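[1] Fold the following.
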Amino acid sequence: MIYLNNMEDIKKIFIENASEYYRNALEAEGRKEYNTAVTLYFKAISALCDIYIFAKEGKIPSNHSERFRILEAKYPEIYRIIDRDFPFYQDSYRAKLTRETSIMLKNDAKKLLEILGIRIK
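    Predicted coordinates for the structure are as follows:
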């Protein structure tokens, strides 16, 4: 677990990263590069989950396992989203993913953006 003091700077970095992943996922989806889109949507989802954890706990998970443990124990609504999406992210290495999968992860990223009150520029 990483503990940081300057909450606004850290939040800004996570929002910028999540926005970058999300925008690039949209572009990949537009090019019908669904594996790339799914990977980037999941990275956006992970960054958004970290923003959520940071806002609630004042700490940043150091890896996927820690992120999942915190969310499962304390924030089940958010956990259900990332837990459902993680296998698709893993499949992006070894399978050809579809537009439907890409759209599902995009919608989950949108849901987290809404929960966090973040607008992508």
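[2] low-scoring stretches of this structure, by residue?
    For the chain, the stretches with pLDDT under 70 are 1-5.
[3] Give me the residue at the spatial middle of it.
    Centroid-nearest residue in the chain: Ile45, 1.0 Å away (criterion: Cα atoms, centre = their mean).
[4] Show me where this structure has its strands.
    With strands called from DSSP state E, the chain shows them at 2-3, 59-60.
[5] how many neighbours does the closest residue to Leu40 other than its chain neighbours have?
    Distance criterion Cβ to Cβ, 6 or more residues apart in numbering; nearest residue to Leu40, sequence neighbours excluded, is Ala25 at 3.6 Å. Where you see a C-beta, it was placed from the backbone N, CA and C, and this is true even at glycine. When neighbours are counted by other Cβ atoms under 10 Å, Ala25 registers 26.
[6] again, but for Phe42
    That count, for Phe42 with other Cβ under 10 Å as the rule, works out to 22.
[7] Equivalent analysis for Ile13, please.
    14.
[8] distance of it from Leu48?
    13 Å (Cβ to Cβ, to the nearest Å).
[9] Show me the helices in the protein, by range?
    7-30, 34-57, 64-74, 76-91, 99-116 (DSSP state H).
[10] if we can go back for a sec, my guess is the residue nearest to the centre of the chain contacts Met104, does it?
    No. Contact criterion Cβ atoms under 8 Å: Ile45 and Met104 do not qualify, at 11.0 Å.
[11] Show me whatever sits in contact with both of these two.
    The overlap between the contact sets of Ile45 and Met104 (Cβ atoms under 8 Å, 6 or more residues apart in numbering) consists of Asp85.
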